[in-house]
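Chemist: need coordinates for the below:
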Amino acid sequence: MAYKYNYESDKSHFLYKIIRPLAKIVVNSRYKITYVGVENVPTDRGIILASNHITAMDPIIIGVGCKVKFHFIAKEELFEKKIVGWFLANLNAFPVDRSKFDFSAMNHAVKVVEDGGALGIFPEGTRSHDFKPHEAKGGVCYVAKKCKCDVVPVSIYTSDEAKKGTRLTVRYGKPIKYEELEFHDDVDKMKDLRYGSALIMDRIKELWRLGHAD
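Modeler: The predicted model follows:
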């Protein structure tokens with residue numbers, strides 16, 4: 001039985017405080033993770049964290065590494081099992097239907113940021129099978145434009161297949177200011193979003209090319 005996500009109801013802050021440390025133990029038991037640039041993630045306002053995507057655990061890896069209450073978008077298929085969906089929902093995940101532009105998910109994403117939260121998005125829209133960052137879709141900039149917020153580029157780097165014991169380096173870059181994304185109301189909407197998304201992905205690639213931290 002699938003978990004039925006309710007966008008209107010608030011999730012338990014108490015459960016989040018319990019589940020987050022457990023999630024941190026899980027990812028640290030599976031991977032050897034080094035975090036760099038955590039201080040670049042603002043804690044005083046709504047923000048987007050945009051990252052490349054190489055493992056199913058990426059949202060948890062990014063979220064437990066920084067000092068903000070982290071929310072993230074997850075494919076709706078992950079909510080098909082009730083217990084998994086419950087766990088994800090109380091870890092501040094919410095589902096998106098990737099077969100279409102999911103207005104419910106995108107509007108909820110906007111609300112998260114407008115309410116001062118940190119939102120994790122993977123601009124590529126799916127995992128990379130060669131562990132390298134690829135081209136972005138427009139969802140990340142749809143939210144950024146609606147919220148007029150900055151975007152923190154994040155890279156997850158591995159030189160090998162991401163399996164148990166693999167070394168990962170997670171880098172949080174300096175925020176990309178909203179003004180840098182150069183949104184305009186008088187140009188084609190999709191062209192507008194593509195430019196900003198490409199800029200964000202370029203910053204992610206720059207971080208990724210730095211490789212492992214020493």
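Chemist: quick one, phi psi at I156?
Modeler: phi -110, psi 120 (degrees, to the nearest 10).
Chemist: can you tell me the SS state at the residue nearest to Y5 when sequence neighbours are not counted?
Modeler: Nearest non-adjacent residue to Y5, counting by CB to CB, 6 or more residues apart in numbering: P95, 5.4 Å away. All C-beta spots, glycine's among them, are computed from the backbone N, C-alpha and C. When classified by DSSP: H, G, I helix; E, B strand; the rest coil, P95 comes out as strand.
Chemist: which residues are in contact with I19?
Modeler: With contacts defined as CB atoms under 8 Å, 6 or more residues apart in numbering, I19 is in contact with F87, N90, L91.
Chemist: number of nearby residues for the residue nearest to Y5?
Modeler: When counting by other CB atoms under 10 Å, one arrives at 25 neighbours for P95.
Chemist: was I right about it contacting H108?
Modeler: No. Between P95 and H108 no contact is recorded; they are 9.5 Å apart, counting by CB atoms under 8 Å.
Chemist: which residues does the residue nearest to Y5 contact?
Modeler: Residues in contact with P95, defined by CB under 8 Å, 6+ apart, are Y5, I73, A74, K75, E76, L78, F79, G85, A105.
Chemist: what about 6 Å?
Modeler: Applying CB atoms under 6 Å, 6 or more residues apart in numbering, one finds that P95 lies in contact with Y5, E76, F79.
Chemist: for A144, same thing?
Modeler: Listed by CB under 6 Å, 6+ apart, the contact set of A144 reads I48, V151.
Chemist: that one belongs to a strand?
Modeler: No. Per three-state DSSP, A144 lies outside any strand segment and is helix.
Chemist: what's the separation between it and I54?
Modeler: Counting by CB to CB, to the nearest Å, the separation of A144 from I54 is 23 Å.
Chemist: for this protein, what's the longest helix?
Modeler: Ranked by residue count under DSSP state H, the longest helix found in the chain is helix 189-208.
Chemist: how far away is C66 from P42?
Modeler: Applying CB to CB, one obtains 10 Å for the distance of C66 from P42.
Chemist: which of the two has more neighbours?
Modeler: With neighbours defined as other CB under 10 Å, C66 and P42 compare such that C66 has more, 24 against 15.
Chemist: for whichever strand or helix holds L22, give the mean pLDDT please.
Modeler: In the assignment (DSSP states H and E), L22 maps to helix 13-30. Regarding helix 13-30, the rounded mean pLDDT is 86.
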